[in-house]
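>>> Fold the following.
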Amino acid sequence: MEFRQLNSLIALAENGFSVSRAAQKLHLVQPAVSQHLKQLEQELGTRLFRRNGKRLTGLTESGERVLHYARNILTDTSNILAVGQEHVSEEKGILRIGTTHTQARYVLPPIVRHFSEAYPAVELQMLEGTPRELVDMAQENKVDFAICTEALGEHPALLAIPCNRWNRCLIAPKAHPVLAQKRVTLKALCRHPIITYVAGFTGRDHLNETFGKEDLIPHVVLSATDTDVIKTYVREGMGIGIIADLAYEREKDIDLAMRDLSHLFPWEVTKIGYRKDKYLRAYQKRFIEFFQEISARMGQAAV
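Modelled structure (predicted):
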């Protein structure tokens, strides 16, 4: 059994069981990948793939188990290489971060800036995705850290570290009638069209639950994954916005009024997640410390 066979198996599973796409990802020719998969199946003496004619359509039960262990083997290999790199050059390397748009746009900039100043020889790679996609990225070791609010604490293979907390705020054009109330209520919010995040993003599930507990149904007319999109359509007059409070920028959003909603909704916690069996290099540990320290300085420390 060879690493290239395991790499081909993983690439196949991650590319819809298309041998051609797996070959492209691995920068190999298609016959080479096909040969790797055939050799692996023959060596193990059991069927790994479900087939429809000559086309591979999925994994058998044995194939799923082999895929699981193949990913673990490659993670262990990465850990061994990381140990060696740590002793050769402890302040040089790559840090792969998977996160949502809101985190990348509004939370991470000061953390990334401080980190880059401390570790100028470390290349930061940032990938965006949904919380569920980020969990998969971390579990499959496609990123070193996944950073988001939802989903991270639910995967048994991942360690999730709380880093900061946030709540929600209301945004609306300055003349909007919802702003007449000094202390906004859930019922008042329900009287107006609402623009907020899609389900599974940035606390949307807890927002729905809060209204549901009061037997209220908010009139959501538009939802998005991107806070900037929400602001755009609030400015267009489509409705009032409910966004993460850390995404309101007083200097840039001067045309929008903001009201705190932390008296209505539960606090949310942003976490950094990574595989429990992952070897963390010194600069990776320091990134987590920067996140926690800067959050505490800004009064957003997770509690």
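>>> after the helix or strand of the chain with the lowest mean pLDDT comes which helix or strand?
Ranked by mean pLDDT, DSSP states H and E, the weakest helix or strand in the chain is helix 61-88, scoring a mean of 79. Next helix or strand after helix 61-88 toward the C-terminus (DSSP states H and E): strand 93-99.
>>> Summarise which helices and strands that next one is packed against.
With contacts taken as 3 or more CB pairs under 8 Å, 6 or more residues apart in numbering; DSSP states H and E, strand 93-99 sits against helix 108-118, strand 122-128, helix 131-139, strand 145-148, helix 282-297. The way it works is simple: take the backbone N, C-alpha and C, and place the C-beta from them, glycine included.
>>> how distant is the very next helix or strand once past it from the center of its chain?
Going down the chain from strand 93-99, the next helix or strand is helix 101-102, by DSSP H and E. In terms of CA atoms, centre = their mean, to the nearest Å, the centre of helix 101-102 is found 9 Å from the chain centre.
>>> Which elements pack onto helix 101-102?
Partner elements for helix 101-102 (3+ CB pairs under 8 Å, 6+ apart): none found.
>>> one more time with 10 Å, if that's ok
With contacts taken as 3 or more CB pairs under 10 Å, 6 or more residues apart in numbering; DSSP states H and E, helix 101-102 sits against helix 227-235.
>>> For the helix it packs on, list the C-alpha coordinates in CSV.
Presented in CSV, the C-alpha positions along helix 227-235 are these (Å, rounded to 0.1, in the frame of the first residue of the first chain):
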residue,chain,number,x,y,z
THR,A,227,-23.6,41.1,5.9
ASP,A,228,-22.6,43.6,3.2
VAL,A,229,-25.5,42.3,1.1
ILE,A,230,-27.9,42.7,4.0
LYS,A,231,-26.8,46.3,4.4
THR,A,232,-27.2,47.0,0.7
TYR,A,233,-30.8,45.9,0.7
VAL,A,234,-31.6,47.8,4.0
ARG,A,235,-30.3,50.9,2.2
